[in-house]
Structures are given as C-alpha cells and as structure tokens.
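S.K.: Give me a 3D structure for the following:
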Amino acid sequence: GLGVERNIGLSLTTYEKLEYAARQSGDDDTNPLPDFFTNPIKGISSFQDRLCIFTENEVVLSGTANSFNFFRSTVRDLLDSDPIKVSPSQADNESIVHLAPYQTGLVVVTNRKQLLIYGDGGALSHKTLTVTQAAASETDLYAKPVAIQNSLYCAYAASYGGGLYEFYPESASAFTARDVSQQVPGFLPEGPRALQGSAKHNMLFWLDDGLGVNSSYRDQETLYVYSWDVGGADKRQSAWTSWRFNETNEADATQPATHRDYEIHNIVCLGDRLYMLVQSAGMVVLDYIDLDIDFVEDKLDYVRRDDF
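M.R.: Below you'll find the predicted structure:
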C-alpha cells in the first residue's frame, strides 16, 4: 500500500498582535481605510511581493515590499508601489469567496464567476491594473481553488455529490472550463474540505469532510486523487482513484467521532511530500506521504508507478 511517514517532532510558533503601518497623509476621504478594517476578512494571500487581504466586497494589496502598509504614501500622486484596492464591478453584487494567485494575476472567485485581476505587461500597479471576467461557472463556496501548472481547479456541487472544474487559458484574459469529473458521476462526495496539488507529479488531492451529499464517515479516512499526463488543452489521459487509510477499521458510521481512530483534518503539498493533519489514537499528529517513493505491492513482483 501507500508509504506513510509520521513526524512527531515539535516546533513552537509565537503569535503577536499585528501592527499595521500608520496613515502618513490624507484623511478618511482622500486616503480611506481598507474595507477589512471594518468588515470581516475572508482570506489572505500574496502576490508580487504584496500581501493580499480580501473581504466579500474588496481585494486589498499592500504596498510593494511593505506587507503591512495599506495606505498611500502621498495623496498628491499614485505611486506604482502604493497599495491597491479593487472592488470588481464584474462580480455583479456577488460576494467574493476565494482569491487565488494564478500565473501573472489573481483569480477572484464568486459563486458563479471567475474574475482575473492582472497588470498589463505583467507588473501590477494602479497604472496597469485590469479586471476582467475570465469565466462564468458555479463553483463550491468552501474549498479554495488550487492552481497547478497552467490550470486552476475548482470544486462544484451536484445532485449526485461533487465534481471538479479545470480552468485553463483560452487567452491572456479568459479561461476555458472543462469538467474533469464528468466521467465518474457519484464518485466524489460533495464539498471538499481541502484541495491540494503537485505540479511535479501531475496530481490533485481532494479531502472530504464527510458531511455532504454522497459522503460518509469513511471519507474522512480517504483521499480522492486525480492524475493526468499533460494539463490544459493538450490533456489526453487522466484518471481518478481513491487512497483509503485505516482500511482495517470497520467502525459503524453511527459511532461518535471520538470512537473513530483515524480522521484526516487537513492536507497540504510541499515539495515532494503530501502532509496530512490526522487525529489518531486520541492524538493529533502530522503524517506525510513521499510522492517520489516507488513501492512494491503485496504479491506483485514488479514496481508499480502512478504515471502514464
């Protein structure tokens, strides 16, 4: 089966109150507060040496190489390095639910639209800022999209469970949407808790929370894996599989969560490893899978490889 290594080492992180840079010029009219000062933060990202914070109404990018400055340095001129605030009218009053860096831009995801924020010529500034609607597909509100190679992957919900869209470039400002799960209706449960991907291995990992349509408690012990040969418009061959952990556990689905001895709470791909935050035997531990390892299955006298 799959080789899993467990990391039981401990590391300590210190959390401190964040201090934003003070406003040096102007007032609430000429140099206003960013929206997240008064409305809940929906998510955080980074792009071109800027910290990106977004609410349901606005995307705010910090000053270049100045992650905690969200005010203009002068109100007499707009500098290329000044913070950027974007309230995209293309959202048509839909709330912003996700923000994902993608190649030379940022993809803004609402429930029914995918917008692209990018700089004409590459670098993003007030002078080069462009916002366009790149696609219009209804996607899942909870799982953050994941960019792998030249494609962006977003989950969606259907009457039979879950599904996955691949968005790949049609032009510099538009996506083509392809349903890469249409060949396996009912295979995926609704509403993944997390999506992660490995560009090196051409793999996407889907972790469910066991709560949606076509879900069960066993989905908290399972990763759904999508793999392919070449991404984007040239994709020729792909496959869905599932990796089930704790296979010997046949606990009844009616048992409380405290009686189940293996639950995957989150996943993240870093380098050649897929890390899993797992609750097991009354502890929360960090497991990982080395995606580069070749392995020999029981009763097989050859090495199995997950490529094409």
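S.K.: What's opposite Ile117 in the beta bridge?
M.R.: Note on Ile117: beta-bridge partners by DSSP bridges are Leu106, Val131.
S.K.: And for the one 5 residues further on?
M.R.: Beta-bridge partners recorded for Gly122 (DSSP bridges): Gly119.
S.K.: Would you mind confirming that it makes contact with Thr130?
M.R.: No: Gly122 is beyond contact range of Thr130, at 11.4 Å (criterion: CB atoms under 8 Å). All C-beta atoms are positioned from the backbone trio N, CA, C, and that covers glycine.
S.K.: The two: which is more packed in?
M.R.: Using other CB atoms under 10 Å as the criterion, Gly122 and Thr130 rank with Thr130 on top: 14 against 11.
S.K.: Rounded mean pLDDT for stretch 164-182, please.
M.R.: On average, the pLDDT along stretch 164-182 is 91.
S.K.: Pull the residues that contact that stretch.
M.R.: With contact meaning CB atoms under 8 Å, 6 or more residues apart in numbering, stretch 164-182 is reached by 103, 114, 116, 118, 130, 132, 134-135, 137, 139, 150-156, 162-163, 187-188, 204, 206, 226, 231-233, 235, 238, 240.
S.K.: Any idea how far apart the tips of stretch 175-191 sit?
M.R.: 23 Å (CA to CA, to the nearest Å).
S.K.: how far does it sit from the chain's center?
M.R.: Chain-centre distance of stretch 175-191: 17 Å, with CA atoms, centre = their mean, to the nearest Å.
S.K.: Show me what counts as buried in it.
M.R.: For stretch 175-191, burial by neighbour count (16 or more other CB atoms under 10 Å) applies to 175, 177-178, 180-181, 187-191.
S.K.: go on, stretch 200-214?
M.R.: Residues of stretch 200-214 classed as buried: 201-210, 212, 214 (neighbour count, 16+ other CB under 10 Å).
S.K.: before we move on, what about stretch 112-123?
M.R.: Taking 16+ other CB under 10 Å as the criterion, stretch 112-123 shows 113-119 as buried.
S.K.: now this structure, which segments are flagged as low pLDDT?
M.R.: For the chain, the stretches with pLDDT under 70 are 1-12, 211-217, 231-233, 247-260, 294-308.
S.K.: For stretch 48-62, measure first residue to last.
M.R.: 10 Å.
S.K.: What lies in contact with that stretch?
M.R.: Contact partners of stretch 48-62, identified using CB under 8 Å, 6+ apart, comprise 34-36, 39-47, 63-65, 67-70, 83-88, 95-97, 99, 106, 108, 117, 123-124.
S.K.: Contacts only, for Ala194.
M.R.: Ala194 makes contacts with 143-144, 207, 266-268, as judged by CB under 8 Å, 6+ apart.
S.K.: One more pass at 10 Å, please.
M.R.: Neighbour list for Ala194: 142-144, 146, 155, 205-209, 223, 264-268, 277 [criterion: CB atoms under 10 Å, 6 or more residues apart in numbering].
S.K.: Show me which of the buried residues of stretch 112-123 is closest to Arg273.
M.R.: Sorting the buried residues of stretch 112-123 by how near they are to Arg273, with CB to CB, puts Gln114 at the top with 29.4 Å.
S.K.: The closest one reaches Ala135, doesn't it?
M.R.: Yes: counting by CB atoms under 10 Å, Gln114 does reach Ala135; the two are 4.3 Å apart.
S.K.: So what's the residue count around Thr132?
M.R.: Counted with other CB under 10 Å, Thr132 comes out at 15.
S.K.: Nearest spatial neighbour of it, chain-adjacent residues omitted?
M.R.: Leaving aside its sequence neighbours, Thr132 sits nearest to Ser173 (CB to CB, 6 or more residues apart in numbering; 4.6 Å).
S.K.: again with Val97
M.R.: Once flanking residues are discounted, Val97 sits nearest to Leu141: 5.2 Å by CB to CB, 6+ apart.
S.K.: One more: Arg112?
M.R.: Glu138 (4.9 Å).
S.K.: and what of Asp140?
M.R.: Distances taken as CB to CB, 6+ apart place Ala155 nearest to Asp140, at 4.0 Å, with adjacent residues excluded.
S.K.: Surely the one you found touches Gly163?
M.R.: Yes: under the criterion of CB under 10 Å, Ala155 makes contact with Gly163 at 7.1 Å.
S.K.: Spit out the residues that contact these two alike.
M.R.: Contact criterion CB under 10 Å, 6+ apart; residues shared by Ala155 and Gly163: 139-140, 181, 188, 190.
S.K.: so what's the residue nearest to Asp140 up against?
M.R.: Contacts were defined as CB under 10 Å, 6+ apart; by that measure Ala155 touches 139-146, 162-165, 181, 188, 190-192, 194-195, 206.
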